[in-house]
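Novice: The amino acid sequence is not available; the structure is as follows:
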């Protein structure tokens with residue numbers, strides 16, 4: 001039997017504490033337990049009021065419900081596909097990395113990095129840049145907590161460290177943490 005909409009109640013979806021528990025949406029449900037596990041995507045631009053971050057999308061998962069509030073936790077992030085397409089221009093090459101890492105607070109996370117090189121290069125140079133990217137990402141993720149990783153993505157501190165080190169090998173045009181995905185809590 002399907003419940004009628006008048007039996008449903010509206011719930012306010014709140015972002016995690018790292019974002020100040022701001023409202024990120026509303027949803028309706030007849031049973032509050034049915035909300036647990038639902039996922040929501042939010043533009044980072046609207047979440048932190050920074051128009052420079054229009055290309056990043058954060059994913060949250062509802063983990064608890066009390067009264068009329070649904071509380072979430074971080075579930076991943078992703079660059080918009082059109083932003084990635086614009087990064088990879090003609091006569092440029094991309095260097096991708098994929099790593100499954102564990103933070104200090106025991107959260108397993110998959111991190112995908114994307115570096116853009118200006119032109120054709122030898123595969124040895126590409127491999128050296130990939131190694132530098134992997135080492136810095138591993139150091140940042142395993143040396144800190146999930147909250148620290150989120151702050152590093154938002155503030156571009158990880159991006160700037162990778163660019164600084166990789167440019168010692170070859171002129172890297174750009175770098176982004178293309179996608180993160182929480183695998184286990």
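Specialist: Yep, it's here. All values reported here derive from a predicted model rather than from experimental measurement.

Novice: domain assignment for this structure?
Specialist: Under the assignment automatic domain parsing, the domains of the chain span 8-79, 81-184.

Novice: In TSV, list these along with mean neighbour count.
Specialist: Any C-beta I mention is one placed from the backbone N, CA and C, and that applies to glycine too. Output for the domains of the chain, formatted as TSV (neighbours: other C-beta atoms under 10 Å):
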stretch	mean neighbour count
domain 8-79	16
domain 81-184	16
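
Novice: Tabulate those domains (TSV), appending mean pLDDT.
Specialist: Below are these laid out as TSV (pLDDT from 0 to 100):
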stretch	mean pLDDT
domain 8-79	91
domain 81-184	92
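
Novice: contacting residues around residue 125?
Specialist: 117, 169, 170 (C-beta atoms under 8 Å, 6 or more residues apart in numbering).

Novice: Inside strands: which ones of those?
Specialist: Using DSSP state E, residue 117 are the members of those that sit in strands.

Novice: now, among the contacts of residue 125, which is nearest to residue 156?
Specialist: Nearest to residue 156 among the contacts of residue 125, counting by C-beta to C-beta, is residue 117 at 19.2 Å.

Novice: Give the closest residue to the closest one in space, chain neighbours not counted.
Specialist: In space, and not counting its chain neighbours, residue 117 is closest to residue 93: 4.6 Å by C-beta to C-beta, 6 or more residues apart in numbering.

Novice: one step back: could the contacts of residue 125 go into a markdown table alongside distance to residue 50?
Specialist: Output for these, formatted as a markdown table (distance: C-beta to C-beta, whole Å):
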| residue | distance to residue 50 |
| --- | --- |
| 117 | 28 |
| 169 | 31 |
| 170 | 30 |
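
Novice: ok, residue 101 touching residue 136?
Specialist: No. Applying C-beta atoms under 8 Å, one finds residue 101 not in contact with residue 136, separated by 11.9 Å.
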